[in-house]
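Engineer: Give me a model of this one.
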Amino acid sequence: MKKIVILGAGPTGLGAAYQLRKLDYKKWQIYEKNNYVGGLSASFRDGKGFTWDIGGHVIFSSNNRFNRLVDNLLGNEILTFSRESWIWLRDSFIKYPFQNNFHLHPDKGIVLECVSGLLDNLNKKDSYKNFEEWIYSFFGEGIAKYFMIPYNKKVWACPLKKMDYNWISERVSTTDVHSILKNIIYQRDDSDWGPNNTFRYPIVGGVCGLFNKFLPYTNGHLQLGKEVTRILPDRKEVIFENGERVSYDVLISTIPLNELLKKIIMKSKLGEIGKSAAKLLWNSGYMVGIGIKKPCPSKKNWMYFPQDDSPFYRVTYLSNYSPNMTPKGNFFSFLAESSYSKYKAASRDTIIEETIQGLINSKLITEEDRSLIVSTYMIDAPYSFPIPFLGRDKILKEIQSFLMKNGIFSRGRFGGWKYEVGNMDHSVLQGMEVVDRILLGKEESVYKS
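Structural biologist: Okay, the predicted model is just below:
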């Protein structure tokens with residue numbers, strides 16, 4: 001019986017642990033560097049009674065296996081929502097996605113520019129080499145100018161010319177001029193697009209309320225506070241910060257791919273593989289929670305902000321997901337997400353004040369509401385989104401081939417480094433499927449290495 005070691009108890013590691021237990025496999029262990037589980041899907045309760053997630057996470061999936069797992073784990077301890085998602089532009093909210101609903105903006109100059117851009121593109125041949133060119137080719141000058149370019153610069157914190165476009169799929173709604181003209185003529189909104197138009201959220205514990213339900217499946221196998229310092233593939237051994245050594249036959253790692261390769265020590269040098277890892281791009285994020293003593297003024301779920309009068313690209317009314325997200329009484333909470341990277345700076349010291357001012361600029365709160373703020377909370381996520389940069393797939397193929405030849409399966413949001421399969425459902429399924437591959441010889445369908 002092979003000994004399987006899992007590094008990381010986030011969604012992928014917990015998915016792997018769940019599947020090992022379901023298959024009644026005995027010889028495995030899972031190690032987590034933090035003193036909590038959930039990884040980027042962890043949740044934290046502050047001293048004032050507010051619960052905060054590491055970003056605007058919700059539960060949705062088109063995968064039946066994942067949905068059955070959620071039903072099994074949470075049962076009735078989950079709420080279901082029809083998405084209320086909006087975009088703030090020029091002192092007005094319009095429904096998301098922008099390219100389907102721009103005609104509802106009260107500034108008809110914006111509407112005209114967007115329509116003109118689409119019409120100008122009708123006779124152009126598709127020709128694009130990167131994400132920025134793809135935006136202009138698909139949406140035209142107007143939509144690109146008012147939303148797609150400024151918003152994506154904010155969220156990715158990366159020059160869009162450095163990004164590929166092949167990851168798009170269900171992530172971005174493309175346009176159909178005939179449908180848009182119908183929407184304009186009939187003045188209807190078109191806000192149902194996308195896989196998350198209906199989503200779910202745990203009643204208790206924030207989004208990590210789901211991942212806490214995995215814990216019974218890890219009994220006797222999970223160790224917290226165990227940070228890896230070195231991995232020795234030649235000896236099939238993991239060394240932890242406290243000096244402890246653990247042997248393995250197969251290693252499942254959810255450590256960010258660039259960090260994983262730095263920890264690997266072998267007789268044969270990594271050479272080109274190490275150089276490839278240095279090319280990986282990602283962004284980081286400040287997640288700022290603002291708790292306010294006041295009844296919630298809106299039923300919205302989350303909102304997007306392309307303008308530069310706020311640091312954040314997205315704000316969630318987190319308190320609208322569950323009554324247990326705030327103290328009892330008349331309270332509500334925002335969670336605002338701001339990106340930073342080597343291409344775009346942001347100040348940890350000033351981000352909370354900048355966020356509050358951005359909420360005021362966006363008319364989500366007033367200057368007078370400052371006195372009603374009873375809690376502020378900041379989470380610094382050094383890894384937020386793996387960026388789908390140009391040349392990514394070739395580099396990943398080389399790295400993953402090297403790792404698997406050495407008995408290491410690197411999976412998850414940053415273990416696999418594929419944004420388009422980096423949601424919570426994808427990540428859990430990657431863990432389950434890699435176990436099925438190792439033990440049952442099944443092909444993986446979510447992460448294709």
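Engineer: pLDDT of stretch 26-39, averaged?
Structural biologist: Mean pLDDT, stretch 26-39: 98.
Engineer: how much distance is there from it to the middle of the chain?
Structural biologist: 20 Å (CA atoms, centre = their mean, to the nearest Å).
Engineer: contacts for stretch 186-200?
Structural biologist: Stretch 186-200 is contacted by residues 58-62, 70, 78-83, 85, 95-97, 100-101, 103-104, 170, 173, 179, 182-183 when judged by CB atoms under 8 Å, 6 or more residues apart in numbering. Where C-beta positions appear, they are placed from N, C-alpha and C, glycine not excepted.
Engineer: any idea where the strands of the stretch 301-449 of the chain begin and end?
Structural biologist: 302-304, 314-317, 332-340, 373-386, 408-410 (DSSP state E, counting those that start in this stretch).
Engineer: so where do the helices sit in this protein?
Structural biologist: 11-22, 64-74, 98-101, 108-121, 131-143, 149-156, 177-186, 208-211, 257-263, 272-277, 351-361, 392-405, 424-440 (DSSP state H).
Engineer: What is the third one packed up against?
Structural biologist: It stands for helix 98-101. In terms of contacts (3 or more CB pairs under 8 Å, 6 or more residues apart in numbering; DSSP states H and E), helix 98-101 is packed against strand 85-89, helix 131-143, helix 177-186.
Engineer: Could you pull out the buried residues of stretch 382-401?
Structural biologist: 383-390, 392, 395-396, 399-400 (16 or more other CB atoms under 10 Å).
Engineer: who's in contact with Met134?
Structural biologist: Slight slip there: residue 134 is Trp, not Met. Applying CB under 8 Å, 6+ apart, the residues near Trp134 are Tyr128, Tyr165, Ile168.
Engineer: If we use 6 Å, what do you get?
Structural biologist: Tyr128, Tyr165 (CB atoms under 6 Å, 6 or more residues apart in numbering).
Engineer: Next: Trp52.
Structural biologist: Phe44, Gly289, Tyr377 are the contacts of Trp52 under CB under 6 Å, 6+ apart.
Engineer: Same check on Thr350?
Structural biologist: With contacts defined as CB under 6 Å, 6+ apart, Thr350 has no neighbours.
Engineer: So for it, what's the pLDDT?
Structural biologist: pLDDT, Thr350: 98.
Engineer: if we can go back for a sec, just the buried subset of the contacts of stretch 186-200, please.
Structural biologist: Here, 16+ other CB under 10 Å leaves 58-61, 70, 78, 81, 83, 85, 95-97, 100-101, 103-104, 173, 183 buried among these.
Engineer: lowest confidence element among the helices and strands of the protein?
Structural biologist: Least confident helix or strand, the chain: helix 177-186 with a mean of 76, by mean pLDDT, DSSP states H and E.
Engineer: Centre of the chain to that one, how far?
Structural biologist: 32 Å.
Engineer: go on, stretch 353-370?
Structural biologist: Centre-to-centre, stretch 353-370 and its host chain are 25 Å apart (CA atoms, centre = their mean).
Engineer: Could you do stretch 323-335 as well?
Structural biologist: 23 Å.
Engineer: Contacts for it, please.
Structural biologist: Here stretch 323-335 makes contact (CB under 6 Å, 6+ apart) with 49-51, 204, 289-293, 295-296, 315-316, 318-319.
Engineer: From these, pick the one nearest Glu141.
Structural biologist: Val315 (27.4 Å; CB to CB).
Engineer: what is the closest one paired to in the beta sheet?
Structural biologist: When bridges are called by DSSP bridges, Val315 pairs up with Met303, Ala336.
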